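Fold the following for me, if possible:
(one chain, ligands or ions: 1)
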Amino acid sequence: MIKFNDLQKINALHADELKRVAAEVIDSGWFLQGERVAAFEKQFSEFIGVKNTVTCANGLDALHLILRAYKEMGIMTDGDEIIVPANTFIATILAITNNRLKPVLVEPDIETCNINIEEIEKHITSHTRAIMIVHLYGRACWSNKLDALAKKYNLKLIEDNAQAVGAYCFCGEKHRRTGSLGDAAGNSFYPGKNLGALGDSGAVTTNDNSLAKTVEALGNYGSHKKYISEYQGLNSRMDEIQAAFLSVKLKYLDEENETRRRIAEYYQMNTKNRKIYLPLSERDRESHVYHLFVVRTEKRDELLAYLTDNGVQVLIHYPVPPHQQRAYAGCWDGQHFPVTEKIHREVLSLPISPVLEAAETERIVKLLNRFE
Ligand SMILES: *Cc1c(COP(=O)(O)O)cnc(C)c1O
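Reported below is the predicted structural model:
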């Protein structure tokens, strides 16, 4: 079988280094808030191009802590509105509602599956405090218009960078990484993400020093100083062992993302089946890191069955949109999201990873071209 994302193989690439640093952490007897986390935070800040990285337990917490910090800083309050794409992964929405803020869903662009920037302004009200963009599937979501909108209405621009770590954005003259484009970003190092730990972990990246300080305290029981509680915080920290693994894997991330791009190009150049829409290739190819390679077809369920029967593991990201989840029953009654629903009905994610072999990609393309 061709695996969707073979984590065993991905980590085997770096097995010697990973085992060596694991042994170092075990021997050190120091497991939290130590030099390995500090070193990774510094490396990640340099990589992304921001002043601050604050590590935490996972990507959801990173987003949650950003919003919570804005509340503690008096920038947001209960019931304030956050604009967010309607077709995102549920964690983006959870970070908002868990903070008693209100997600305002905006339809995506059918071609990029990222928020439709043209649709944002009409959703802005006097209660809007932020636009949370999601670089979905690994494709950077950005435009000068987005930046201008956030400035015009004095909104925070928050990035959900969980799927796009390593992507670039060509913002006019500037060439910046996602995770450094807005006021703050949540990053995920879930094992299946492009920069995957060997367990859960995440990080907030930001140029805002006071936000970074607040996030850091909130993730450590609400304390800047041991046993002195500033906020009613939580415990959300990155383990030393995960930081050690991530410092190893960060060195290879650009190269591994480049492999993903080459696989995507192969799919794009060789798939000739008109029933299957492939993701648009980017003019600036580095603005997509292909966390997922998501195709669309009206015959999605048939394609899924066909590929599975032929030994190719494929997945759906995501089968049910947030507004149709039972957890949010009634939250967006009377609103319609036809583009979002079409995406959720038609998408299928093909295998893509730094260890997918050329022969495997060729086989998948042959199967796609024979699908009727
Ligand atoms: C993975 C993911 C998250 C959450 O990250 P975790 O580390 O799994 O908590 C948030 N948003 C998006 C878009 C994701 O893909």
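
Can you name the residues in contact with the longest strand anywhere in the chain?
In the chain, with assignment by DSSP state E, the single longest strand is strand 128-134. The list of residues contacting strand 128-134 from outside it, by CB atoms under 8 Å, 6 or more residues apart in numbering, reads 63, 67, 70, 75-76, 80-85, 88-89, 92, 96, 101, 104, 114-115, 120, 141-142, 146, 149-150, 153, 155-160, 162-163, 182. In short, each C-beta sits where N, CA and C put it, glycine included.

hmm, it in reach of the ligand?
Yes - where contact is defined by CB under 6 Å from any ligand atom, part of strand 128-134 touches the ligand, namely V134.

hang on, the earlier thing: the contacts of strand 128-134: which ones sit near the ligand?
Filtering these for proximity to the ligand by CB under 6 Å from any ligand atom leaves T88, F89, T92, D160, A162, Q163.

re the thing from before, report the next helix or strand after the longest strand of the chain in sequence order.
Going down the chain from strand 128-134, the next helix or strand is helix 144-152, by DSSP states H and E.

C-terminal to that next one, what's the next element?
Next in sequence after helix 144-152, counting helices and strands by DSSP H and E, comes strand 156-160.

Around the ligand, pick out the residues from the stretch 151-300 of the chain.
Counting by CB under 6 Å from any ligand atom, the residues of the stretch 151-300 of the chain close to the ligand are D160, A162, Q163, S188, Y190, D200, G202.

would JSON lines of those residues with secondary structure be doable?
What follows is those, written out as JSON lines (DSSP: H, G, I helix; E, B strand; the rest coil):
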{"residue": "D160", "secondary structure": "strand"}
{"residue": "A162", "secondary structure": "coil"}
{"residue": "Q163", "secondary structure": "coil"}
{"residue": "S188", "secondary structure": "strand"}
{"residue": "Y190", "secondary structure": "coil"}
{"residue": "D200", "secondary structure": "coil"}
{"residue": "G202", "secondary structure": "strand"}
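
among the residues you listed, which ones are buried?
With neighbours counted by 16 or more other CB atoms under 10 Å, those contain buried members at D160, A162, Q163, S188, Y190, D200, G202.

give the contact list for the residue in the stretch 251-372 of the chain positioned nearest to the ligand.
When distances are taken as CB to the nearest ligand atom, the stretch 251-372 of the chain approaches the ligand most closely through H291, which lies 7.5 Å from it. For H291, the contact set (CB under 8 Å, 6+ apart) comprises Y137, G138, Q163, A164, K193, N194, R260.

Tell me, what's the model's pLDDT at the residue in the stretch 1-150 of the chain that the ligand sits nearest to?
The minimum distance from the stretch 1-150 of the chain to the ligand, using CB to the nearest ligand atom, falls at G59 (2.3 Å). Among the per-residue scores, G59 shows a pLDDT of 98.

same thing with E286?
At E286 the predicted local confidence, pLDDT, stands at 87.

Just give me the neighbour total for it.
18 (other CB atoms under 10 Å).

go on, T259?
Neighbouring residues of T259 were enumerated by other CB under 10 Å; the total is 16.

Kindly report the same for the one 4 residues further on.
I263: 23 surrounding residues under other CB under 10 Å.

Under a three-state scheme, what state does it occupy?
For I263, the reduced secondary structure class is helix; criterion used: three-state DSSP.

ok, it - contacts?
With contact taken as CB under 8 Å, 6+ apart, I263 is in contact with Y290, F293, I352, L356, T361.

just those residues now: which is nearest Q8?
Proximity of the contacts of I263 to Q8, judged by CB to CB, is greatest for L356, which lies at 13.5 Å.

Now do the same contact list for the closest one.
For L356, the contacting residues are I2, D6, I263, taking CB under 8 Å, 6+ apart as the criterion.

would you turn the residues you listed into a markdown table with pLDDT?
Below are the contacts of L356 laid out as a markdown table (pLDDT from 0 to 100):
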| residue | pLDDT |
| --- | --- |
| I2 | 97 |
| D6 | 96 |
| I263 | 97 |
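
quick one, helices of the stretch 201-350 of the chain?
Secondary structure of the stretch 201-350 of the chain (DSSP state H, counting those that start in this stretch): helices located at 209-218, 240-250, 253-270, 300-309, 338-346.
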